[in-house]
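S.K.: fold the following for me, if possible:
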Amino acid sequence: MIELAVEHDPDESCGLFAGPPGGMYVDMFFPIANVAPPERRPKIYTLDPTGYKNAESAADAAGMSILGVMHSHTHTVAYPSPTDVADAADVDPLGVFTFLIVSLEHPEPYMRAFRINGDVIEEVLVAVEPG
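M.R.: Got it, this is the predicted structure:
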């Protein structure tokens, strides 16, 4: 996910991740094209609908569930912006997805994850296992 964010800088990158149903362990990542208008990509992302459907189909075929959305912030902290909170309500009205944000604001990229339900933002611990 960090590699994708760095590769697409200065535009925001995005994707979906999947794992066992009902769990929080991520087994699969699906980079998805950011189809926001080019002039808006440095500050916003829009998941390509076809890429989204393809990721859902691939996850289903592997017996996995989509667990959340990844996107990058190219110049700001890894914390949901007001736009991210509004988008979360559209993508995940029940507040079950995890939203992972990769920040490129410093020379060393970092990531944080959140559950967003309405205006409630709750941080989720991220642990990366070697492999």
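S.K.: so for the helix or strand of the chain with the lowest mean pLDDT, what gets flagged as buried?
M.R.: Every helix and strand of the chain was ranked by mean pLDDT, DSSP states H and E. The lowest is helix 82-91, at a mean of 92. Within helix 82-91, the residues that count as buried by 16 or more other CB atoms under 10 Å are 84-85, 87-88. Where you see a C-beta, it was placed from the backbone N, CA and C, and this is true even at glycine.
S.K.: which two from those residues end up farthest apart in space?
M.R.: The largest separation in the buried residues of helix 82-91, counting by CB to CB, is between V85 and D87 at 7.4 Å.
S.K.: V6 - how many residues pack around it?
M.R.: Per other CB atoms under 10 Å, the neighbour tally for V6 reads 14.
S.K.: next, it: secondary structure please.
M.R.: Recorded secondary structure, V6: helix (DSSP: H, G, I helix; E, B strand; the rest coil).
S.K.: wouldn't it be in contact with E108 here?
M.R.: No - using CB atoms under 8 Å, V6 is not in contact with E108, being 10.8 Å away.
S.K.: circling back to that earlier point, can the buried residues of helix 82-91 go into a markdown table with extra columns for distance to A127?
M.R.: Converted to a markdown table, the buried residues of helix 82-91 look like this (distance: CB to CB, whole Å):
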| residue | distance to A127 |
| --- | --- |
| D84 | 22 |
| V85 | 25 |
| D87 | 25 |
| A88 | 22 |
